[in-house]
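Q: Next one to model:
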Amino acid sequence: MAIGSSRWRDALDQRLRAVGQDIVITRQTGPSTSQSVTCRAFVRTLLPQEDPRGLVPAQISGPLAQPDMRVVISGTELDEASWPLTDGYPLPIRSDKVTVAGKDRTIQLITPIFVADALARIDLTVRG
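A: Residues are numbered from 1 along each chain as shown. This is a model prediction of the structure:
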């Protein structure tokens, strides 16, 4: 199903074109085949969470894990690329890869945001 137009998504598309960055979402479609689409996105590193003991990362010795990133996209590029549907919408799935600044990352969480029953944006949490 095409996601159609909404003023919220159109506004997001305009903002992404102005200040977003290119990312690539890739889905493995077979043993040696894949489908990729370039999307404009807002990308930011999530702040490290405090340690359960109440320590911040600077107080912990040893290597720290790579922080997660929040990636905000519109569904426009996915829809235009005839991306496979998930729950009736062109959404990424956890097995898809996201390439940000040349580095492959794994999707941890997909959160579609709907406004007035229209898909307005897609929030991804990625790791790696």
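
Q: which helix of this protein spans the most residues?
A: When the chain is scanned for its longest helix (criterion: DSSP state H), the result is helix 7-19.

Q: Against which helices or strands is the helix or strand following that one packed?
A: Next in sequence after helix 7-19, counting helices and strands by DSSP states H and E, comes strand 21-28. Packed against strand 21-28, as judged by 3 or more Cβ pairs under 8 Å, 6 or more residues apart in numbering; DSSP states H and E, are the following elements: strand 34-45, strand 97-100. (C-beta placed from N, C-alpha, C; glycine too.)

Q: what do you get if the cut-off is 10 Å, keeping everything else the same?
A: Applying 3 or more Cβ pairs under 10 Å, 6 or more residues apart in numbering; DSSP states H and E, one finds that strand 21-28 contacts strand 34-45, strand 69-73, helix 76-80, strand 97-100, strand 103-115, strand 118-127.

Q: To Asp87, which of these lies closest?
A: Proximity to Asp87 (Cβ to Cβ) singles out strand 103-115 among those, at 8.2 Å.

Q: average model confidence for the closest one?
A: For strand 103-115, the mean per-residue pLDDT is 94.

Q: heads up, I number from 27, so please use that
A: Shifting the count to begin at 27 puts that one at strand 129-141.

Q: by how many degrees do that strand and strand 60-71 diverge?
A: 80 degrees (axes from the mean of the first three to the mean of the last three Cα atoms, to 10 degrees).

Q: Can you list the strands that strand 129-141 pairs with?
A: Partners of strand 129-141 in the sheet, by DSSP bridges, are strand 123-126 (antiparallel), strand 144-153 (antiparallel).
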